[in-house]
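[1] here is a sequence together with a model predicted from it:
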Amino acid sequence: MPEEPVTVAIIDLRGANRPAGVKSGPYAVICGLPVVVRSVLVARRKGFERIVALVEHSDDAHALLAHPRSGPIEVVIGTVESIDLRSEDRVLTWPAALSFGRHLPSAALQAAPATGVARIGTDGLLLSHGLPTETVTETRASDQPAVRVTSPEARREAEALLLRSLRKDADGIVAQFDRHISLALSRPLMATNISPNVITILGAVIGIASGVAAAHGGYAWMLAGALGFQWNSISDGIDGEIARAKLLESRLGQWLDTWADDSTNLVFCTGAAIGCYRTFGGEHFLWLSGLIAIGITLSALLQYHYVHFVLGSGDLNEFRMPWERGRAHGERDTQAPSLVARGLMALKPLVRRDAFVAMTTVCALLNWWPGMVYAYSIGATVTWTAILFYKLFPPTP
């Protein structure tokens with residue numbers, strides 16, 4: 001019975017700089033990872049079953065093999081023809097100094113012929129050729145250009161492209177501004193060994209402490225709590241930026257980040273209601289704190305159920321409200337949205353976390369806390385009831 005074809009990534013280290021830590025070449029460090037190690041990790045994520053380092057001398061791959069995240073790699077001395085390949089294998093090869101950032105070119109594997117090799121050239125163009133004769137069809141390998149890191153300037157260009165790719169399309173207006181600050185903070189942290197999950201936990205501690213401060217009551221304490229809440233929102237992107245830049249994303253990290261955000265929201269918003277009771281009087285603030293706690297908890301549980309059991313994820317950015325036309329993973333709702341659905345979608349920018357945190361800071365500065373607490377309670381209640389209603393009584397075509 002014939003064996004299944006294998007996907008093979010060949011990283012060409014011939015003629016490369018050997019020492020690690022140089023400012024150019026395959027061992028130039030970009031956002032905490034050498035270029036060649038990043039390529040290995042990206043190739044594995046793309047599903048390549050064999051990773052081969054093609055070298056001129058046996059010690060040329062020493063720095064790659066010694067890296068703690070490189071994993072098992074085959075080292076072959078010579079040329080592509082020296083590698084044990086079968087005609088049915090799907091093969092992709094590229095120069096080790098070529099940086100793709102976080103993703104291999106999307107067209108690369110598809111372009112690899114069933115009986116040959118696809119090669120990405122030094123200029124980032126995809127060249128298809130068969131073994132052993134190299135020829136010649138050129139297509140763009142990626143919408144985001146690969147960078148050949150052969151100079152300090154090229155290294156900076158590759159780093160700038162990688163940092164730009166860390167932004168999310170889902171970022172709201174305020175989050176887009178916050179991202180400038182979080183990227184400036186996460187960039188030096190990428191050079192350290194600090195875990196993104198540790199940063200997530202530290203952020204949650206700051207957020208929860210902000211809620212405790214707000215519950216203390218009084219202008220100064222509640223303002224301090226709001227500023228801490230704002231800092232928590234700004235720094236919320238750091239853990240994800242480091243994880244994406246260093247290819248450390250995990251399901252645990254997604255759920256930890258989700259839990260940290262929701263725990264912070266729960267403690268702070270209920271704490272603000274208690275702080276209003278202590279500052280302005282009125283037992284209705286205690287009732288509002290209960291409504292907020294119930295609303296945030298039920299909304300989170302309904303979203304968790306969908307994200308876990310339907311999407312198989314832990315990232316709430318992938319959750320789409322039932323009334324939204326765009327579904328997760330490219331699904332589309334073909335029916336026109338109702339008037340209520342259009343109204344709810346129009347309100348979405350105002351209830352995003354980055355937006356309501358910014359509004360909280362403004363209200364704290366002006367001491368307009370009662371209005372903000374009412375907004376918390378209404379928003380939390382409308383969110384969970386609307387999700388549940390649409391789940392129980394989906395609109396008919």
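    Okay, I see it. Numbers count the residues shown, from 1 in each chain.

[2] quick check: phi and psi at Ile51.
    Main-chain dihedrals, Ile51, degrees, to the nearest 10: phi -120, psi 120.

[3] pretty sure it is touching Arg44, no?
    Yes: Ile51 lies in contact with Arg44 (C-beta atoms under 8 Å); the separation is 6.9 Å. (C-beta placed from N, C-alpha, C; glycine too.)

[4] more crowded one of those two?
    Ile51 (20 against 16; other C-beta atoms under 10 Å).

[5] what bridges to the more buried one?
    Ile51 has these beta-bridge partners by DSSP bridges: Ala9.

[6] report the contact partners of it.
    For Ile51, the contact set (C-beta atoms under 8 Å, 6 or more residues apart in numbering) comprises Ala9, Ile11, Val40, Ala43, Arg44, Gly71, Pro72, Ile73, Glu74.

[7] output the longest helix belonging to this protein.
    helix 251-280 (DSSP state H).

[8] and Ile206, how many neighbours does it have?
    By other C-beta under 10 Å, the residues close to Ile206 number 16.

[9] got phi/psi on it?
    phi -60, psi -40.

[10] verify the stated contact: it with Gly225.
    No: taking contacts as C-beta under 8 Å, Ile206 lies outside contact range of Gly225: 10.7 Å.

[11] nearest residue to Val174 other than its sequence neighbours?
    Asp354 (3.9 Å; C-beta to C-beta, 6 or more residues apart in numbering).

[12] so what sits against both of Ile51 and Arg44?
    Gly71.

[13] identify the residue nearest Ala260 in space, chain neighbours excluded?
    Leaving aside its chain neighbours, Ala260 sits nearest to Ala204 (3.7 Å; criterion: C-beta to C-beta, 6+ apart).

[14] so which helix or strand takes in the one you found?
    Element membership of Ala204 [criterion: DSSP states H and E] is helix 196-216.

[15] now Val22
    Under the criterion DSSP H and E, no helix or strand holds Val22.

[16] any idea how far Ser186 is from the closest residue to it other than its chain neighbours?
    Of all residues beyond its chain neighbours, the one nearest Val22 is Ala28 (5.9 Å), with distances taken as C-beta to C-beta, 6+ apart. Counting by C-beta to C-beta, to the nearest Å, the gap from Ala28 to Ser186 is 19 Å.

[17] kindly report the same for Tyr306.
    29 Å.

[18] so which of these two has more stuff around it?
    Taking other C-beta under 10 Å, Tyr306 and Ser186 do not tie; Ser186 has more neighbours (25 against 20).

[19] Ile238 is in contact with the more buried one, correct?
    Yes: counting by C-beta under 8 Å, Ser186 sits close enough to Ile238 to count as a contact (4.4 Å).

[20] domain parsing of this protein, as residue ranges.
    By the assignment in automatic domain parsing, the chain contains the domains 7-160, 166-392.

[21] all strands for the chain, in order.
    Secondary structure of the chain, counting by DSSP state E: strands at 7-12, 29-30, 33-34, 50-55, 74-77, 90-95, 98-99, 116-120, 125-129, 137-140, 147-148.
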